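Enquirer: Sequence first, predicted model second:
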Amino acid sequence: MQEQEIIDRIHGLYPDAVIEASGENCSFEVYVVDAGFADMKPLARQQSILQLFNQDLQSGKLHALSIKARTPQELTSKPNNLVQIRI
């Protein structure tokens, strides 16, 4: 499987998404940013993408797919669990 094939398949479900894919052979990581994730829990986001690759995972064409799915707002908001230290 190629990176572009993964991106194209995800664009079929999320046409406006910004997608980055990296990896080789049968192990990939994808980063997907789409406003459509706003009302979805993180697990539901991942499952919606993972379902696109069920057959590939079952057949062994794809062995591993790591998914990070975010909304545009999540990218621009500051994490609230970080502490700033001034010296």
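Expert: Structure received. Numbers count the residues shown, from 1 in each chain.
Enquirer: Name the residues of stretch 36-43 that are buried.
Expert: 36-37 (16 or more other C-beta atoms under 10 Å). Yep, even glycine has a C-beta here, placed from its N, CA and C like the rest.
Enquirer: repeat for stretch 6-17
Expert: For stretch 6-17, burial by neighbour count (16+ other C-beta under 10 Å) applies to 6-7, 10, 14, 17.
Enquirer: same question, stretch 42-57
Expert: For stretch 42-57, the neighbour count (16+ other C-beta under 10 Å) marks 45-46, 48-49, 53, 56 as buried.
Enquirer: Check stretch 13-30 too.
Expert: 14, 17, 19, 21, 23, 28, 30.
Enquirer: hang on, the earlier thing: distance to residue 34, pLDDT and secondary structure for the buried residues of stretch 6-17 - can I get that in a markdown table?
Expert: Shown next, in a markdown table, are the buried residues of stretch 6-17 (distance: C-beta to C-beta, whole Å; pLDDT from 0 to 100; DSSP: H, G, I helix; E, B strand; the rest coil):
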| residue | distance to residue 34 | pLDDT | secondary structure |
| --- | --- | --- | --- |
| 6 | 15 | 94 | helix |
| 7 | 13 | 95 | helix |
| 10 | 9 | 97 | helix |
| 14 | 5 | 97 | coil |
| 17 | 4 | 96 | coil |
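Enquirer: ok, so of the residues you listed, who is nearest residue 67?
Expert: In terms of C-beta to C-beta, no member of the buried residues of stretch 6-17 lies closer to residue 67 than residue 10, at 9.2 Å.
Enquirer: Report the spatially nearest residue to the closest one, omitting neighbours in sequence.
Expert: Once flanking residues are discounted, residue 10 sits nearest to residue 19: 5.5 Å by C-beta to C-beta, 6 or more residues apart in numbering.
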